[in-house]
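# Here is a sequence together with a model predicted from it:
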Amino acid sequence: MRWHVAILYFLLRLTGRLPLRALHGMGAALGWLLWRLPNPLRRKAVQTLSHVTTQFGTKSSHEMLKPALIETGKGALELCKIWSGNPQAALELVREVRGGELFDAAVASRRGLIIAAPHLGCWELLNFWLCSRTPIAIAYRPPRRPEIEPLLIRARGALAAEQVRADGAAGVRALFKRLLAGGVVGILPDQQPKAGEGEFAPFFGTPALTMVLLSRLAQRTGATVLFAFAERLPRGTGFRIHIRPAPEGIADPDLPAAVAALNRGVEECVRIAPSQYQWAYKRYSIRPQ
């Protein structure tokens, strides 16, 4: 780890000593500034929300933008608590688990389990919760700045998750191997693939380039697929874990049908806590011809 990244990690852990309520308060202030001032995150969120607001009743993109950016600020600051070097303290912030019996049954079946974890709520805490229940392999895409990767590996690996780079054949083989052995794999299902590597499918009514890796893993291994996210509770009181069954057809041999089911699963999760979705992610930056 380079010296400036090591300093960043030290400051992150130091800030993580603050109570979650204080971190969420600071994050809300940061999010308010992101809403009020011109910045790249605001522009990306406006662009993404312009594609989906018809799916949320009478709410306009402006009405959704402010709470979404405030939750983005909270999410940025809460990472200091989650990555503070004390994963057990982070796990104590989980106040409730809904659908835990689905997870336990899938692990006990030894058929293999894929956890689809959208960019919703606190997915880093969800990672720790999953690791505390069973050995798991987490698929990730390397960051654009390579010097940050050691920090991410160290922070996310506090509970010995196997971290697999999903940008090559070796990583995909590792995921197949774990599932065929009855193990558990975690994947971010709404991560936009590179052009030519996915399938377009409706996402909140607009075609979005969608990964095919998760559906192919499910098809070829027979693994169970469950969706999961950690919902941020009000006033810094903690988090609620949600475990949900995947929509029918997510392992369909017809890839367009399978990825359409995948996007429906993400949508069902987002509708539970829409402001906590990472709307600033450029989900629609690659368009169909």
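Right, received. Where do you want to start?

# Can you report phi and psi for Arg264?
Dihedral pair for Arg264: phi -60, psi -40, per degrees, to the nearest 10.

# Quick check: it vs Arg244, distance?
Arg264 is 11 Å from Arg244, where distance means CB to CB, to the nearest Å. Where C-beta positions appear, they are placed from N, C-alpha and C, glycine not excepted.

# can you give me the helices in the stretch 51-200 of the chain?
Using DSSP state H, counting those that start in this stretch, the helices of the stretch 51-200 of the chain run over 61-82, 87-91, 100-109, 123-133, 149-156, 169-180.

# can you tell me which of these the model trusts least?
The minimum mean pLDDT among these belongs to helix 149-156 (a mean of 82).

# now His4, nearest residue through space, not along the chain?
Glu147 (8.0 Å; CB to CB, 6 or more residues apart in numbering).

# just to revisit the earlier point, dump the helices of the stretch 51-200 of the chain into TSV; add distance to Gln219 as well.
Shown next, in TSV, are the helices of the stretch 51-200 of the chain (distance: least, CB to CB, whole Å):
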stretch	distance to Gln219
helix 61-82	33
helix 87-91	33
helix 100-109	17
helix 123-133	23
helix 149-156	28
helix 169-180	11
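
# so which of those helices comes closest to Glu199?
helix 169-180 (16.6 Å; CB to CB).

# Which positions within the closest one qualify as buried?
Neighbour-count burial for helix 169-180 flags Gly171, Val172, Ala174, Leu175, Phe176, Arg178, Leu179 (criterion: 16 or more other CB atoms under 10 Å).

# Next: stretch 259-266.
Buried, per 16+ other CB under 10 Å, within stretch 259-266: Val259, Ala260, Ala261, Leu262, Asn263, Arg264, Gly265, Val266.

# do stretch 265-272 as well
Those would be Gly265, Val266, Glu267, Cys269, Val270, Ile272, for stretch 265-272 by 16+ other CB under 10 Å.

# coming back round to it: pretty sure the residue nearest to His4 sits against Val5.
Yes - contact status for Glu147 versus Val5: in contact at 5.6 Å, counting by CB atoms under 8 Å.

# ok, the two, which is more surrounded?
Val5 (17 against 12; other CB atoms under 10 Å).

# if I pick that one, what's in contact with it?
Glu147, Ile148, Pro150, Leu151 (CB atoms under 8 Å, 6 or more residues apart in numbering).

# again, only using 10 Å
Arg145, Glu147, Ile148, Glu149, Pro150, Leu151, Leu152, Arg154 (CB atoms under 10 Å, 6 or more residues apart in numbering).

# How about Pro87?
Applying CB under 10 Å, 6+ apart, the residues contacting Pro87 are Leu125, Asn127, Phe128, Trp129, Cys131, Ser132, Ala155, Arg156, Gly157, Ala158, Leu159, Ala160.

# JSON lines for the residues you listed, including neighbour count?
Below are these laid out as JSON lines (neighbours: other CB atoms under 10 Å):
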{"residue": "Leu125", "neighbour count": "25"}
{"residue": "Asn127", "neighbour count": "27"}
{"residue": "Phe128", "neighbour count": "23"}
{"residue": "Trp129", "neighbour count": "23"}
{"residue": "Cys131", "neighbour count": "22"}
{"residue": "Ser132", "neighbour count": "14"}
{"residue": "Ala155", "neighbour count": "19"}
{"residue": "Arg156", "neighbour count": "19"}
{"residue": "Gly157", "neighbour count": "15"}
{"residue": "Ala158", "neighbour count": "18"}
{"residue": "Leu159", "neighbour count": "17"}
{"residue": "Ala160", "neighbour count": "10"}
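
# Any chance of a markdown table for these, columns distance to Trp35?
What follows is the contacts of Pro87, written out as a markdown table (distance: CB to CB, whole Å):
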| residue | distance to Trp35 |
| --- | --- |
| Leu125 | 24 |
| Asn127 | 28 |
| Phe128 | 29 |
| Trp129 | 30 |
| Cys131 | 34 |
| Ser132 | 35 |
| Ala155 | 28 |
| Arg156 | 29 |
| Gly157 | 34 |
| Ala158 | 32 |
| Leu159 | 34 |
| Ala160 | 38 |
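
# May I ask you to name the longest strand in the protein?
strand 224-232 (DSSP state E).

# Looking at the helices of the stretch 51-200 of the chain, spot the one closest to Pro38.
helix 61-82 (12.3 Å).
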